[in-house]
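> What would the 3D arrangement of this be:
(2 chains)
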Amino acid sequence: MAFVYELMSTIGTTIRDVLPIAMIIFGFQFFVIRRPIPQFKRVLIGFLYVLLGLSLFLLGLEKALFPIGRLMAEQLTAPDFIEQWRLTSAGYGLHWSDYYWVYLFAFAIGASTTIAEPSLIAVAIKANEVSAGAIGIWGLRLAVALGVAVGIALGTWRIVTGYPIHWFIIAGYVCVVVQTFFAPKSIVPLAYDSGGVTTSTVTVPLVAALGLGLAETVPGRSPLIDGFGLIAFASLFPMITVMGYAQMSVWRQPRDKTLAVE
Amino acid sequence: MVLLKSLLGSLRDLTPIILVIAFFQIVVLQQGVPDFLQLIIGFLLVTLGLTFFIYGLEMGLFPIGESMAYAFAQKGSVAWLLVFSFALGFGTTVAEPALIAVSAEAADVAALGGMIPDTQSDRQSYANGLRLTVALSVGLAIVIGVLRILKGWSIQYMIMAGYGLVVIMTMLAPREIIGIAYDSGGVTTSTITVPLVTALGVGLASCIEGRNPMIDGFGLIAFASLTPMIFVMAYGMVV
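Residues are numbered from 1 along each chain as shown, chains lettered A, B, ... in the order given. Next comes the predicted model:
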């Protein structure tokens, strides 16, 4: 009974989130375009599937993934745990390398949640369709996942060491700008987009918990100032890896220009 | 049959998460999972949810995004298209739960840093102002992005100019706001907005003569993640 109630309330919240979008779409459709939607019934059923799917997805995340993810982030950043697994000899202050399990966890959770990110799947399907198969769904998803993983791992390292965030972001931008000149033209807009799509439903809550937990336990960090910024890392690095992936595909097949122009 | 196949796909998509959690629980943390049954039920729900979402995506969200792009292109009214773009960007962002959470946190930071008086009402109005600012910036971003598709401007220079602005603003903005500003770029684009906006962009680029859907169709999300950074830092400087 409690479960049915929870499901209903999640569906309610999802409907509330989707309602403005639906109102804008159907409002414009009926008052401005004034033309029937092709296959209206099918589209409506599709919307219902999206609504139901998103509700179940969010409810499942709330029930399973978020509690355990937050708990693990807490446990892995706890001073006792770091002390127990430390590399440097006990008695001295902690070195940044003593937090290695945190970096590894950041990398692994960044990659695995990105693979399950629904909006990335959507963009990958579209890119595959538009490029007539030249951009593989899995190629794109793995490239983005690698970017998020590296980004979050680096972001946790930054929180531990306490270097200013804008150094990293500006250096990342420089890298993106340089790559833009060398990457195949057709991948550039998609690469820029992949920065924004990675961070939504699954990744953000887990990564935020990791950042806040770390900023709370590392001496000299303030959760309010240093806890933020991981999401920015997670949106920056996929651009670099996606362009890198395209560059590598071109280098590997110098004759086959499937990805290059077109 | 199609559903079954995509169910297996979802299961495969979620396997890495399960493996990562299992590895860290068993090997590293060496602790029992508190509520194992709930965990299993949760994962089943996530799998089922992802399956339905992807299924509905190709049935509902993609077609409607594309058909609206075609309809606007045929109608030939640029003004209405831009109004629609703004409404889509603004409307989907202003109600975004992640944004509501981030702006409340930003208000706490501002109060702590002494930028605003530390009272409930001041924090509330700061958070609301920030939310509207971000929503406005996303609306504007979609408008700029759609204009780019219509005119065929090249995206590189626009994004680079945006980065330049971000870097300049970073030097001017109060230090407390910078982390939040950078993060706000990532949280604005929700699971429903992304497929819709992508379908709109690709649809527009494929029905306008001389545009390549691959080069011109993508990029709307990029603008939507860039402008919030600039606007949030500006907000931090002004308020």
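> Can you check the pLDDT for the residue nearest the centre of chain B?
Centroid-nearest residue in chain B, with Cα atoms, centre = their mean: B:Thr189, separated by 0.9 Å. In this model, B:Thr189 is scored at 73, pLDDT.
> Check B:Met115 too.
Per-residue pLDDT puts B:Met115 at 75.
> one step back: tell me the secondary structure for the residue nearest to the centre of chain B?
Here B:Thr189 is recorded as coil under DSSP: H, G, I helix; E, B strand; the rest coil.
> Skipping adjacent residues, who's closest to it in space?
Take B:Thr189 and drop its neighbours on the chain: the residue closest to it by Cβ to Cβ, 6 or more residues apart in numbering or on different chains is A:Gly196, 4.8 Å away. All C-beta spots, glycine's among them, are computed from the backbone N, C-alpha and C.
> Tell me which helix or strand the one you found sits in.
Assigned by DSSP states H and E, A:Gly196 belongs to helix A:188-197.
> That helix - contacts with which helices or strands?
For helix A:188-197, the packing partners by 3 or more Cβ pairs under 8 Å, 6 or more residues apart in numbering or on different chains; DSSP states H and E come out as helix A:118-130, helix A:137-161, helix A:230-252, helix B:155-172, helix B:175-187, helix B:193-207, helix B:220-238.
> Could I get the CA-only coordinates of it as PDB?
Once side chains and other backbone atoms are set aside, the C-alpha atoms of helix A:188-197 remain, and they are given as PDB (Å, rounded to 0.1, in the frame of the first residue of the first chain):
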ATOM      1  CA  VAL A 188      32.000  19.700 -33.100                       C
ATOM      2  CA  PRO A 189      28.400  20.700 -32.400                       C
ATOM      3  CA  LEU A 190      27.600  17.200 -31.100                       C
ATOM      4  CA  ALA A 191      30.700  17.300 -28.800                       C
ATOM      5  CA  TYR A 192      29.600  20.700 -27.400                       C
ATOM      6  CA  ASP A 193      26.100  19.300 -26.700                       C
ATOM      7  CA  SER A 194      27.500  16.200 -25.000                       C
ATOM      8  CA  GLY A 195      28.800  18.400 -22.200                       C
ATOM      9  CA  GLY A 196      25.300  19.500 -21.200                       C
ATOM     10  CA  VAL A 197      23.400  16.200 -21.600                       C
END
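> what's in contact with that helix?
Counting by Cβ atoms under 8 Å, 6 or more residues apart in numbering or on different chains, helix A:188-197 makes contact with A:117, A:119-120, A:122-123, A:127, A:135, A:140, A:143-144, A:147, A:180, A:183, A:235-236, A:238-239, A:242-243, A:246, B:155-156, B:159, B:185-186, B:188-189, B:194, B:198, B:214-222, B:224-225, all of which sit outside it.
> try 6 Å this time
In this structure, residues lying in contact with helix A:188-197 by Cβ atoms under 6 Å, 6 or more residues apart in numbering or on different chains are A:119-120, A:123, A:127, A:144, A:180, A:235, A:238-239, A:242-243, B:155, B:159, B:189, B:194, B:218-219, B:221-222, B:225.
> what do you get for stretch A:227-238?
In contact with stretch A:227-238 (Cβ under 6 Å, 6+ apart) are residues A:144, A:147-148, A:150-152, A:154-155, A:165, A:172, A:194-195, A:198-199, A:207, A:211-212, A:215, B:179-180, B:182-183, B:186.
> likewise stretch B:24-35?
Stretch B:24-35 has contacts (Cβ under 6 Å, 6+ apart) with A:72, A:75, A:101, B:39.
> Tabulate these (JSON lines), appending neighbour count.
Written out in JSON lines, the entries for the contacts of stretch B:24-35 read as follows (neighbours: other Cβ atoms under 10 Å in any protein chain shown):
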{"residue": "A:Met72", "neighbour count": "23"}
{"residue": "A:Gln75", "neighbour count": "18"}
{"residue": "A:Trp101", "neighbour count": "18"}
{"residue": "B:Leu39", "neighbour count": "19"}
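> Could you work out the most separated pair of these?
Between any two of the contacts of stretch B:24-35, the greatest separation by Cβ to Cβ is 21.3 Å, found for A:Trp101 and B:Leu39.
> before we move on, the earlier item: got the contacts of stretch B:24-35 as JSON lines, with secondary structure, pLDDT and distance to B:Leu136 columns?
Shown next, in JSON lines, are the contacts of stretch B:24-35 (DSSP: H, G, I helix; E, B strand; the rest coil; pLDDT from 0 to 100; distance: Cβ to Cβ, whole Å):
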{"residue": "A:Met72", "secondary structure": "helix", "pLDDT": "83", "distance to B:Leu136": "37"}
{"residue": "A:Gln75", "secondary structure": "helix", "pLDDT": "83", "distance to B:Leu136": "40"}
{"residue": "A:Trp101", "secondary structure": "helix", "pLDDT": "86", "distance to B:Leu136": "42"}
{"residue": "B:Leu39", "secondary structure": "helix", "pLDDT": "86", "distance to B:Leu136": "41"}
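> mind putting the residues you listed in a markdown table, distance to B:Met169 included?
Listed next are the contacts of stretch B:24-35 as a markdown table, based on distance: Cβ to Cβ, whole Å:
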| residue | distance to B:Met169 |
| --- | --- |
| A:Met72 | 35 |
| A:Gln75 | 37 |
| A:Trp101 | 36 |
| B:Leu39 | 43 |
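> Report how many residues lie close to the nearest residue to B:Ala71 once chain neighbours are set aside.
In space, not counting the residues next to it along the chain, B:Ala71 is nearest to A:Ile33; the distance is 4.5 Å by Cβ to Cβ, 6+ apart. Residues contacting A:Ile33 under the criterion other Cβ atoms under 10 Å in any protein chain shown number 19.
> any idea how far chain A is from the residue of chain B most remote from its centre?
Summary for chain B: using Cα atoms, centre = their mean, the residue whose C-alpha lies farthest from the chain's mean C-alpha position is B:Gln30, with a distance of 36.5 Å. Using Cβ to the nearest Cβ, to the nearest Å, we find B:Gln30 at a distance of 10 Å from chain A.
> and the stretch 51-200 of chain A, which residues reach chain B?
Applying Cβ under 6 Å from any Cβ of the partner chain, one finds that the stretch 51-200 of chain A approaches chain B through A:52-54, A:56-57, A:59-60, A:63-64, A:72, A:75, A:101, A:108-109, A:112, A:115-116, A:118-119, A:122-123, A:126, A:130-131, A:165-166, A:170, A:173, A:177, A:180, A:186, A:189-190, A:192-193, A:195-197, A:199-200.
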